[in-house]
Structure formats: C-alpha cells, structure tokens
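Okay, structure incoming, though there's no sequence with it:
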C-alpha cells in the first residue's frame, strides 16, 4: 500500500532533480569546452 501511495511522488521528484542536474552538467561541459577552445588547446582526453 505504501508503495502505491508513495512511489509516484518520489519518482516524479527524482526525475525532476535528475533533469535539473543533467542540464547543469551539460552547461558546465559546454563552458569547459569553450574555455579550452579559446585558450588554443584542445581538451586532453
């Protein structure tokens, strides 16, 4: 009973948090790539 009543809200909250974190890391990746590009060296992998 608790699973039916509670997991929906937890799953929705977790999905929205994951979406926010995904966009934050995507922005950080783009900023890092652009700063490496403007410095004249490519990112070291």
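Yep, it's here. Quick caveat: nothing in here was measured; it's all calculated off a predicted structure. Numbers count the residues shown, from 1 in each chain.

Number of residues surrounding residue 39?
When neighbours are counted by other C-beta atoms under 10 Å, residue 39 registers 9. Just so you know, the C-beta spots here come from the backbone N, C-alpha and C atoms, and that holds for glycine as well.

do you know how far it is from residue 33?
Counting by C-beta to C-beta, to the nearest Å, the separation of residue 39 from residue 33 is 11 Å.

got it, and residue 15?
Applying C-beta to C-beta to residue 15 and residue 33 gives a distance of 27 Å.

And the helices in the chain, which stretches?
Listed in chain order, the helices of the chain (DSSP state H) span 2-39.

Spatially central, which residue of it would that be?
Residue closest to the mean C-alpha point of the chain, counted by C-alpha atoms, centre = their mean, is residue 22 at 1.5 Å.

which residues touch that one?
The contact partners of residue 22, by C-beta atoms under 8 Å, 6 or more residues apart in numbering, come to none.

Can you check what pLDDT the model gives it?
The per-residue pLDDT reported for residue 22 equals 96.

Also the one 10 residues further on?
We have a pLDDT of 91 for residue 32.

try the one 4 residues further on
At residue 36 the predicted local confidence, pLDDT, stands at 84.

One more: residue 7?
At residue 7, pLDDT is 64.

And residue 31, how far from residue 22?
15 Å.

which parts of stretch 22-35 are buried?
When burial is assessed from 16 or more other C-beta atoms under 10 Å, stretch 22-35 yields no buried residues.

so how far is it from its chain's centroid?
10 Å (C-alpha atoms, centre = their mean, to the nearest Å).
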